[in-house]
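In: let me see the structure of the following:
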Amino acid sequence: MNAFDFSPLFRSTIGFDRLMRLADAATRGDTSATYPPYNIEKTGEDSYRLTMAVAGFGQEDLDVRVQENALLISGKAKTEEDNAIYLHRGIARRAFERRFQLADTIKVVGASLDNGLLHVALVREVPEALKPRTIPITTATPAQVIEHEGEKKAA
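Out: Now for the predicted structure:
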């Protein structure tokens, strides 16, 4: 049994709806989404590359979109005009749609098709407001002395 019940967390959190949906989807384990195969690699401190094997698909057959913090890659092969009779057809050119959830700071910067591999470049861009910053520590000013009718009092 791989199901987790996240409903108790919904009762005590506000604004984490998206995170809960992601956790719920991750625990379900979609076993049908194995085509086409892909790799996700970290290429630098703040850069990533998604590589997807799309043999048989041309540039005009593929669509790469970013919508609401999700990277959507779809492929739709054109119907072949030849009347070939295949004895074995091992190259699957079936339509597909893969969705990858992106963090708020991840931006897609480009895509390229090379030798049947679709490469999608991503970078993490952290806004200045979210970057850690050092708060300077100042020394407290000494208590001011207030003179009142000839006597001194500490403030």
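In: confidence score at Thr43?
Out: On pLDDT, Thr43 comes in at 93.
In: same thing with Thr134?
Out: Reading off the confidence values, Thr134 has pLDDT 88.
In: doesn't it lie inside a helix?
Out: No: under DSSP: H, G, I helix; E, B strand; the rest coil, Thr134 sits outside any helix and is assigned coil.
In: burial measure for it, as a count.
Out: Residues lying near Thr134 (other C-beta atoms under 10 Å) number 5. In short, each C-beta sits where N, CA and C put it, glycine included.
In: before we move on, what about Ala70?
Out: When neighbours are counted by other C-beta under 10 Å, Ala70 registers 11.
In: the one 5 residues further on too?
Out: Neighbours of Gly75 under the rule other C-beta under 10 Å: 22.
In: spit out the contact partners of Ala55.
Out: Going by C-beta atoms under 8 Å, 6 or more residues apart in numbering, Ala55 touches 91, 116.
In: that one: what secondary structure?
Out: coil.
In: got a pLDDT number for the residue positioned nearest the centre of the chain?
Out: Within the chain, the residue whose C-alpha comes closest to the C-alpha centroid is Leu102; the distance, by C-alpha atoms, centre = their mean, is 1.7 Å. Here the pLDDT value assigned to Leu102 is 90.
In: grab the nearest non-local neighbour of it.
Out: Excluding the flanking residues, the one nearest Leu102 by C-beta to C-beta, 6 or more residues apart in numbering is Asn69, at 5.0 Å.
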